[in-house]
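Novice: Fold the following, please.
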Amino acid sequence: VQLVESGGGLAQPGGSLTLSCAASGLSFSTYTMSWGRQTPGKGLEWVAGIGPDSTNTGYADSVKGRFTISRDNAKETMYLQMNNLKPEDTGLYYCAPGWGDYAPFGSWGQGTQVTVSS
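Specialist: Reported below is the predicted structural model:
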């Protein structure tokens, strides 16, 4: 299994970034997938999740209304559109199969760094 996160970078407060997670080696379309992040202040936390057919999505309270998770099963890729970024969104973002804080973030991918700063 390989998960390749990309799209991170430096953004100003209020700015936007879109992260991608390209999967290989698993039956992507059958898995619930999630984004998580490692932040200096809170450690590793679940950010958002999406069901196999995109019917179900969920968000941490800290990002609700600002982040949107989506997926393209044909491309075996998941996305995280991040709007109205805040400095506290700074962190290393991972994708993983599963849902919640116990999803194996970091087990198969290197993550992508997001830094929000003016």
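Novice: Tell me what the residue nearest to the spatial centre of the chain is bridged to.
Specialist: Nearest to the mean C-alpha position of the chain, by C-alpha atoms, centre = their mean, lies W35 at 2.9 Å. Legend: beta-bridge partners of W35 under DSSP bridges are A48, C95.
Novice: any idea how far G106 lies from N56?
Specialist: Going from G106 to N56 by C-beta to C-beta, to the nearest Å gives 24 Å. Bear in mind the C-beta positions are built from the backbone N, C-alpha and C, glycine included.
Novice: quick one: contacts for the residue nearest to the centre of the chain?
Specialist: Residues near W35 by C-beta atoms under 8 Å, 6 or more residues apart in numbering: L19, C21, W46, V47, A48, G49, I69, M78, L80, Y93, Y94, C95.
Novice: Contacts only, for S34.
Specialist: 46-50, 95-100, 103, 105.
Novice: Name the nearest residue to it, ignoring sequence neighbours.
Specialist: Of all residues not flanking S34 in the chain, G49 sits nearest, at 4.0 Å (C-beta to C-beta, 6 or more residues apart in numbering).
Novice: next one: L44
Specialist: The nearest residue in space to L44 (C-beta to C-beta, 6+ apart) is Q38, at 5.0 Å.
Novice: Tell me the confidence at the residue nearest to the centre of the chain?
Specialist: Note for W35: predicted pLDDT of 97.
Novice: Neighbours of N73, how many?
Specialist: Neighbour count of N73, defined by other C-beta atoms under 10 Å: 16.
Novice: Going by neighbour count, which of the contacts of W35 comes out on top?
Specialist: Counting neighbours by other C-beta under 10 Å, C95 leads the contacts of W35 with 30 neighbours.
Novice: so who does that residue touch?
Specialist: Neighbour list for C95: L3, E5, L19, C21, A23, M33, S34, W35, G36, M78, F105, G109 [criterion: C-beta under 8 Å, 6+ apart].
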